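[1] quick check, what structure comes out for this input:
(chains A, B, C and D)
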4 protein chains.
Amino acid sequence: MYQFQCDYNQGAHPRIMERLLETNLEQTVGYGEDHYCAAAREAIRTAIGRTDVDVHFLVGGTQANATVISSILRPYQGVLCATTGHINVHETGAIEHGGHKVLAVNAKDGLLEAEQIRKAMELHYAEDGPEHTVQPGMVYISFSSELGTVYTLQQLREISSACREYGLPLFIDGARMGYGLASEGCDVTLQDIAELADVFYLGGTKQGALFGEAVVIVNDALKKDFRYFIKQNGGMLAKGRLLGLQFLTLFEDGLYFRISQHAVRQALRIRDAFESKGFEMLVHSPSNQQFPILDNDTMSRLAENFLFSVWQKIDESHTAVRFCTSWATDEKAVDSLINAI
Amino acid sequence: MYQFQCDYNQGAHPRIMERLLETNLEQTVGYGEDHYCAAAREAIRTAIGRTDVDVHFLVGGTQANATVISSILRPYQGVLCATTGHINVHETGAIEHGGHKVLAVNAKDGLLEAEQIRKAMELHYAEDGPEHTVQPGMVYISFSSELGTVYTLQQLREISSACREYGLPLFIDGARMGYGLASEGCDVTLQDIAELADVFYLGGTKQGALFGEAVVIVNDALKKDFRYFIKQNGGMLAKGRLLGLQFLTLFEDGLYFRISQHAVRQALRIRDAFESKGFEMLVHSPSNQQFPILDNDTMSRLAENFLFSVWQKIDESHTAVRFCTSWATDEKAVDSLINAI
Amino acid sequence: MYQFQCDYNQGAHPRIMERLLETNLEQTVGYGEDHYCAAAREAIRTAIGRTDVDVHFLVGGTQANATVISSILRPYQGVLCATTGHINVHETGAIEHGGHKVLAVNAKDGLLEAEQIRKAMELHYAEDGPEHTVQPGMVYISFSSELGTVYTLQQLREISSACREYGLPLFIDGARMGYGLASEGCDVTLQDIAELADVFYLGGTKQGALFGEAVVIVNDALKKDFRYFIKQNGGMLAKGRLLGLQFLTLFEDGLYFRISQHAVRQALRIRDAFESKGFEMLVHSPSNQQFPILDNDTMSRLAENFLFSVWQKIDESHTAVRFCTSWATDEKAVDSLINAI
Amino acid sequence: MYQFQCDYNQGAHPRIMERLLETNLEQTVGYGEDHYCAAAREAIRTAIGRTDVDVHFLVGGTQANATVISSILRPYQGVLCATTGHINVHETGAIEHGGHKVLAVNAKDGLLEAEQIRKAMELHYAEDGPEHTVQPGMVYISFSSELGTVYTLQQLREISSACREYGLPLFIDGARMGYGLASEGCDVTLQDIAELADVFYLGGTKQGALFGEAVVIVNDALKKDFRYFIKQNGGMLAKGRLLGLQFLTLFEDGLYFRISQHAVRQALRIRDAFESKGFEMLVHSPSNQQFPILDNDTMSRLAENFLFSVWQKIDESHTAVRFCTSWATDEKAVDSLINAI
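    Sure, this is the predicted structure:
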């Protein structure tokens, strides 16, 4: 039974495993101050084309989100995001545990609009006594989004511009950054991301690593003392070199981008197969997550040979489900799935 | 210019002022352990008709909400409430500051429905991995609501029953409890409140006191160590007797209920005046807050002689505004307002 | 039985009560934006001799401490204070509830020394990996201290200078500011306090008001959005004018200082009586709190006619106890106490 | 230059690396619900000799401490521990960030005594108004301690008994549990730990794994909803199987215990070498951390060929330093060190 239910059901890219093995007994200092982390930082700076960014390695996405948001907001501020945003729905209130309200906005297809940011700010300051309400203090978006959708460069520019107008740092959750950048028709580059965001991260967990997210801080004002935040939030890995080595492998020669392309290619094959058979999609996704709406019979039939996840009940006889691909997805398994469709 | 913009724009009922003056130089122990607090607790127990409830006096509503919610929820739990709930919109994230997500539900006219509670619980446990989402841990409603609306006894019973079915403590914010109980057509008594809620409070700030909210804990499981919560949340008044004396005065002979009736009577006069002139109301409120929808001209005209608050823009030429009455509202000022309408 | 156990066992100065009564039915806007608060702010600015400070009114001391500290520290920072500091021992962890470690330092007689601040900072940055430990982010001292002791101007200057050297805001808890300034031999003025501190407060609860603390923010960098902090921490009184009116009365013509002198005078009479009879004092206090060490017999005998509080067991047969005076202390009661001694 | 500065400067035991490699492309479900985690849980239950414990896998120690403590304490409670406890000094206030005070007690050689627990509880409840102070809500100890010292069975029994007497859950930080159990003269078994603690963890990071701590919950009352806590605190690893596989390898046939013995053996050789040359030790440690006090000359000389960490300055000419061994310590490197000594 092939598993398409998520994009983190396998280990790491074989080249990462090799290097972990090779360096296993080498002695290094801990907490991300070793030479592999230093080299990985350089590789990422090169990929971004900027030397002036800070790069930190954390273990997982919830941790990265909670840590970054904690480092940006003042206690009375909240974070604007789409209702579907990961921080709003799938992190067991980690942001609220850190003291902050998630200011969720209904966003079409999981994509926040610049206009929604402007409106939130205007509404806040139009209050008779804004201090009785949570002040929006930053904006969180995901690239690609929870629904597999991807902002265009124009959309990102508008969001970034609205953020700068109101002094709101823009944080891009890049748990699936590679898949977003490799998505069909994407006109955004990593350089654009770094230019338009104040902080973002490059997801490793879902994109070739055993685990790990590389947080990139672009805005100088947000760099100070970030390591204290990592430690306080339980994200400072003792053997930090494991993170350094993985990101070095992913970024020193473009492996990160190549394997992302593979994942997207397989996902689009799945999407096209569903669409050609007349299935509706919950949303038209150009990236590695696809959400076909299946009738109960088809769902049961496919479930015999494939694992996928139930996303949302549509009506009594239809359900939106999720098929994910990843760097590791077997082309032959996709062939079988397409045949089954 | 008479002020109808809120229900806390004057001091305290004259009998309270008298007693504060009389007892001013008496020496008592602090922190609510004095004989006035003890007597006030007894008076409230008598009004409720139960001897087995704990009564604590806090200074204000945001404080009372944050303290009670902090005392009930486990860290990974959130509080279910209407989108319009005070804790969701007007407390600057005090609940999130305490670590908890407010799980807001769109509720018609500010009134949560039992079915919405059931659905939230079912959705939570239907998740594949409920531990990735915030667990609903209690329910918060207001009596009367932020929109002046009031639950019927039947509605309250259904809510309470849904809460008990799922093990969710029910907390009733009673900042305007007296006005709710005195509202037009209300079939709920204070005894019902105590039977159906696990914790509630009797608002003083808006109902005759200088300040103060009397938190009543009915559910034994929620009584332990509540004073620690009060202190930690900055709500333990050094001269606690000020709270005791005020609530004693309000409850020893039914003053609380009598002055609430006055406020509601005046509010209904205002409502009827608007309705008889063909103004639409944002919501049909039976209690001390009224929300007529005014055209711009009427709004400007009334604003010349009366203070009211802007609630919500309806369209370019219409705005919903709020007129509040209170225990202290001058009948003659209402006469003038009615004439102006 | 006369009560000397604390300095908040009576109501408010009669002039405050009068004015509360006079203005009781006046209508004003809420939340501290009324004209009494405005006038009180001006009176306090005049007393301080500076027009450039922000003044906010909060209800109580724990609330004021938690709110100010929350407004200053970054999440990974802690507050340096004496082990005996109120925030370290008597606020049920309100500071930690807000997310911050109290970095307590053993301080002789409750008085922190500049050298201890320097040492804490040097130790922190000497760590191999300071980010593994809490960064000192501000300094908290009390004037007068929990033990009734009072910093000299020279000591305060050294503390302030150490703070500025390391970029640490200095916060002075002035719950007993008046008693400190009126203390025997005190060479510090309110102007000095404002010059040397970044934030401080003028206590009302223990000094003539029913309740209330006036927070004065001197450092411009700490002024922004402070009202959000007040609201979030449950400290924004609906009928804020009650605070304004009280502080106006206390500060418009120096009442605050005059009544503080009365309290200290009575306390020193008590101290001198004990000392002249050969009793040791836990600490030599020049202000309104006195801590004689009593043998069991004397303790029992005095307890027959006077209430005082047990502070600390010294040995099997001796106990340090606390006698407090206040603005309201009856001179005749002190006479009786002295006779009893 | 051989590195003795810590016990996490190398990768994982070769058998772990092998199995990670073998299983790398296998597909499994995420978040610790895979078959490797299930098998690892069983292996740990077998090692403990109890089937009724819950086992959860987290990534690191600070995370494990913050998560467990968050799951046990009520908001107004604090955790009793030795001043030297890791949570008190080296976690950047993670416990306070979660809202709780660390109630630190001066403990000789890093070992808390039952009597100190009793005294803390008695002092708390002897307060006139215990609700003004943080209530001790649990006890945290480390086995082995931060100073390498190890409780005897008798000491542990007394601590556990004091905890049970006062209803305080006992949490044992076992980041170095294996090294503690393998320490010279240790009369405690893993079964004893499980019998005497309410929760404890088995450290992997310092004991053969790439990373990971296995939290064992013995007390039924503390088991409910623990996965929510893991997720909220950012500790739920997407590819949870990595943790399962590592702990399975360590516990299925006693590898964990064997490699711990190796580490301790090497540490004792180092200790004996220092002691035989007349060096004083900061504390007499029977486990894998040794703290010789070196004169400046010796320190410089050894630093030419070996990395160790500076622990504490003793006087102008002497410093206590730390030498750590681990499962991976090379016997030959220890030979060289001994020669150099």
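[2] next, residue A:243: phi, psi?
    Residue A:243 has phi and psi values of phi -70, psi -40 when expressed as degrees, to the nearest 10.
[3] please read the previous query as pertaining to residue A:214.
    phi -100, psi 110.
[4] what's the closest non-adjacent residue to it?
    residue A:202 (4.4 Å; C-beta to C-beta, 6 or more residues apart in numbering or on different chains). In this view, the C-beta of every residue, glycine as well, is placed from N, C-alpha and C.
[5] need the CA coordinates for the helix or strand the one you found falls within. PDB is fine.
    Using DSSP states H and E, residue A:202 maps to strand A:199-203. Output in PDB follows, covering the C-alpha atoms of strand A:199-203 (Å, rounded to 0.1, in the frame of the first residue of the first chain):
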ATOM      1  CA  VAL A 199      11.800  36.400   8.100                       C
ATOM      2  CA  PHE A 200      11.200  33.100   6.300                       C
ATOM      3  CA  TYR A 201      12.200  29.600   6.600                       C
ATOM      4  CA  LEU A 202      13.300  26.900   4.300                       C
ATOM      5  CA  GLY A 203      11.600  23.600   5.200                       C
END
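[6] gap between stretch A:62-77 and the chain center?
    From the chain centre to the centre of stretch A:62-77 is a distance of 16 Å (C-alpha atoms, centre = their mean, to the nearest Å).
[7] now that stretch: mean pLDDT?
    Stretch A:62-77 shows a mean pLDDT of 98 in the predicted model.
[8] quick one: is it near chain B?
    Yes: Stretch A:62-77 is in contact with chain B by C-beta under 8 Å from any C-beta of the partner chain, via A:75, A:76.
[9] so is residue A:256 in a helix, a strand, or just coil?
    helix (DSSP: H, G, I helix; E, B strand; the rest coil).
[10] can you tell me the closest non-neighbouring residue to it?
    Nearest one to residue A:256, counting by C-beta to C-beta, 6+ apart, is residue A:250 at 4.1 Å.
[11] contacts for the particular helix or strand that has the one you found in it, please.
    Following DSSP H and E, one finds residue A:250 within helix A:241-251. For helix A:241-251, the external contacting residues (C-beta atoms under 8 Å, 6 or more residues apart in numbering or on different chains) are A:12-13, A:15-16, A:19-20, A:23, A:28, A:30, A:32, A:34-41, A:43-44, A:46-47, A:57-59, A:202, A:204, A:207-210, A:212, A:214, A:237, A:255-256, D:11, D:210-211.
[12] so which of these sit within strands?
    Here DSSP state E is the test, and these give A:57, A:58, A:202, A:214 as lying in strands.
[13] isn't there a strand covering residue A:26?
    No: read with three-state DSSP, residue A:26 is coil and lies in no strand.
[14] find the nearest non-adjacent residue to it, please.
    The shortest distance from residue A:26 to any non-neighbouring residue, by C-beta to C-beta, 6+ apart, is to residue D:10 (7.0 Å).
[15] same check, this time on residue A:83
    Ranked by C-beta to C-beta, 6+ apart and with sequence neighbours excluded, the top spatial neighbour of residue A:83 is residue A:104, at 4.4 Å.
[16] what does the helix or strand where the one you found lies rub up against?
    Using DSSP H and E, the element containing residue A:104 is strand A:102-105. Outside strand A:102-105, the residues that touch it by C-beta under 8 Å, 6+ apart are A:78-83, A:85, A:87-88, A:95-96, A:112, A:116, A:120, A:134, A:136, B:101.
[17] list buried residues within the residues you listed.
    The neighbour count (16 or more other C-beta atoms under 10 Å in any protein chain shown) marks A:78-82, A:85, A:87-88, A:95-96, A:112, A:116, A:120, A:134, A:136, B:101 as buried among the contacts of strand A:102-105.
[18] which of those residues fall within helices?
    Counting by DSSP state H, the part of those found in helices is A:87, A:88, A:95, A:96, A:116, A:120.
[19] and for the residue lying closest to residue A:175 once chain neighbours are set aside, the neighbour number?
    Counting by C-beta to C-beta, 6+ apart, the nearest residue to residue A:175 once its immediate chain neighbours are dropped is residue A:203, at 3.9 Å. Number of residues near residue A:203 (other C-beta atoms under 10 Å in any protein chain shown) recorded here: 28.
[20] could I get the contacting residues of residue A:203?
    By C-beta under 8 Å, 6+ apart, the neighbours of residue A:203 are A:61, A:174, A:175, A:176, A:177, A:178, A:213.
[21] any chance of a markdown table for these, columns neighbour count and secondary structure?
    Rendered in a markdown table, the data for these read as follows (neighbours: other C-beta atoms under 10 Å in any protein chain shown; DSSP: H, G, I helix; E, B strand; the rest coil):
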| residue | neighbour count | secondary structure |
| --- | --- | --- |
| A:61 | 28 | helix |
| A:174 | 28 | coil |
| A:175 | 28 | coil |
| A:176 | 30 | coil |
| A:177 | 27 | helix |
| A:178 | 30 | helix |
| A:213 | 31 | strand |
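[22] report the two of those separated the most.
    Using C-beta to C-beta, the pair of those lying farthest apart is A:61 and A:178, separated by 13.8 Å.
[23] how about the residues of chain A by chain B?
    A:75-76, A:78, A:89-93, A:96-97, A:99-102, A:128, A:131-134, A:309-310.
[24] residues in contact with the closest residue to residue A:307 other than its chain neighbours?
    Distance criterion C-beta to C-beta, 6+ apart; nearest residue to residue A:307, sequence neighbours excluded, is residue A:3 at 4.2 Å. By C-beta under 8 Å, 6+ apart, the residues touching residue A:3 are A:9, A:306, A:307, D:27, D:29.
[25] please apply the same query to residue A:177.
    By C-beta under 8 Å, 6+ apart, the neighbours of residue A:177 are A:143, A:144, A:190, A:193, A:200, A:201, A:202, A:203, A:207.
[26] about what we covered before: who does the strand holding residue A:202 pair up with?
    As defined by DSSP bridges, the strand partners of strand A:199-203 come to strand A:170-173 (parallel), strand A:213-217 (antiparallel).
[27] how about these in JSON lines, adding mean pLDDT?
    As requested, the strands paired with strand A:199-203 are exported to JSON lines (pLDDT from 0 to 100):
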{"stretch": "strand A:170-173", "mean pLDDT": "98"}
{"stretch": "strand A:213-217", "mean pLDDT": "98"}
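[28] got the confidence number for residue A:127?
    82.
[29] ditto for residue A:48
    97.
[30] report the beta-bridge partner residues of residue A:103.
    Counting by DSSP bridges, residue A:103 forms beta bridges with residue A:80.
[31] tally of neighbours for it?
    As a burial measure, residue A:103 scores 22 neighbours (other C-beta under 10 Å).
[32] tell me how far it lies from residue A:116.
    10 Å (C-beta to C-beta, to the nearest Å).
[33] now do residue A:73
    19 Å.
[34] and for residue A:165?
    Separation of residue A:165 from residue A:116 (C-beta to C-beta) stands at 14 Å.
[35] which residue packs closest to residue A:48, ignoring adjacent ones?
    Skipping the residues right next to it in sequence, residue A:48 comes nearest to residue A:194 by C-beta to C-beta, 6+ apart, at 4.7 Å.
[36] what about that neighbour, is that helix, strand or coil?
    What three-state DSSP gives for residue A:194 is helix.
[37] ditto for residue A:310
    Reduced to three states by three-state DSSP, residue A:310 is strand.
[38] what residues are up against it?
    Counting by C-beta under 8 Å, 6+ apart, residue A:310 has contacts A:319, A:321, A:322, B:128.
[39] who's the third one bridged to?
    Here residue A:322 sits in beta bridges with residue A:309, going by DSSP bridges.
[40] let me know the pLDDT of it.
    97.
[41] just give me the neighbour total for it.
    22.
[42] quick one: it from chain B, how far?
    Using C-beta to the nearest C-beta, to the nearest Å, we find residue A:322 at a distance of 11 Å from chain B.
[43] isn't that residue up against residue A:290?
    Yes: Residue A:322 lies in contact with residue A:290 (C-beta atoms under 8 Å); the separation is 7.1 Å.
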